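K.L.:
Structure for this input, please:
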Amino acid sequence: MNQPQKILTQSFTAEWQEIAQALITDIGVSLPHQQNSTNTLPFKGLWDTGATTCAITSMVAKAIGARPVSKIIVKGVHGPQPCNQYLINIYLPNHIRIDSIPAMELFDNDQFDALIGMNVISLGDFSISNLDGKTSFTFRMPSCQKPDFVKYWPKDTTVCTCGSGSQFKNCCKKLIQNMEFVD
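P.N.:
Numbers count the residues shown, from 1 in each chain. Alright, predicted model coming up:
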């Protein structure tokens, strides 16, 4: 009997049982010349659409043996600061490897080890939902469809996408109609 093939998708979904205050997932980080995931160390990555580039803590840089490739000036909340910059591989939660991505150094903290910035997020499609008070976000590479919540608005008589089983007009549409809109 044939063994099923392990197929690595180019997308993943992360879910929380409440409204997430931060989107933190498991990631892997390695040096650029290490081309397989067995040389990867596991870390926690914060997905940050406000960060232009990825970043790693000094602890991650030390753990993987990274050496700075340059010093850059970073304009952050504390003003312009000189900062080490590294080249790293990042492994997403679905084990897709992003090769030789620039990452600046950030201060060590106890919540996450790396920032996944727009230099990775812009490679694909990124979407967040807070349906039923539970956060989920999904990411895929490459970008292959423009999410458009206006274009794909449910018809009144279709089953509501929230999973209630009711028609849209008798479910989420009523919630929307009760919202107050200001000009």
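
K.L.:
what residues are up against Lys71?
P.N.:
Applying Cβ atoms under 8 Å, 6 or more residues apart in numbering to Lys71 gives the contacts Pro82, Cys83, Asn84, Gln85. C-beta: built from backbone N, CA, C; applies to glycine.

K.L.:
Now the helix or strand harbouring Gly45: buried residues?
P.N.:
Using DSSP states H and E, Gly45 maps to strand 41-47. Buried positions in strand 41-47, judged by neighbour count with 16 or more other Cβ atoms under 10 Å: Phe43, Gly45, Leu46, Trp47.

K.L.:
For it, give the mean pLDDT please.
P.N.:
For strand 41-47, mean pLDDT rounds to 94.

K.L.:
And stretch 122-133, by the same measure?
P.N.:
The pLDDT scores in stretch 122-133 average 91.

K.L.:
How about residues contacting stretch 107-126?
P.N.:
10-11, 22, 24, 27, 29, 43-49, 51-60, 90, 98, 101-103, 106, 137-145, 147.

K.L.:
Now which of those residues would you call buried?
P.N.:
Among those, those classed as buried by neighbour count (16+ other Cβ under 10 Å) are 24, 27, 29, 43, 45-48, 51, 53-57, 60, 90, 98, 101-103, 106, 137-141.

K.L.:
now, which of those lie within helices?
P.N.:
Val60 (DSSP state H).

K.L.:
Buried ones from the contacts of Lys71, can you make that a PyMOL selection?
P.N.:
The buried residues among these can be selected in PyMOL (16+ other Cβ under 10 Å) with this line:
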select buried, resi 83+84+85
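
K.L.:
Between the two ends of stretch 17-32, what distance do you get?
P.N.:
Distance across stretch 17-32, first residue to last, is 35 Å (Cα to Cα, to the nearest Å).

K.L.:
Bridged to Thr57, which residues?
P.N.:
Applying DSSP bridges to Thr57 yields these beta-bridge partners: Leu106.

K.L.:
From what I see, it and Met104 are in contact.
P.N.:
No: counting by Cβ atoms under 8 Å, Met104 is not a contact partner of Thr57; they are 10.6 Å apart.

K.L.:
just the helices in this structure please.
P.N.:
Under DSSP H, the chain gives helices at 58-64, 118-121, 172-177.

K.L.:
Which residues does the first one contact?
P.N.:
By Cβ under 8 Å, 6+ apart, the residues outside helix 58-64 that reach it are 29-31, 41, 43, 66, 84, 86, 88, 105, 107-108, 113-114.
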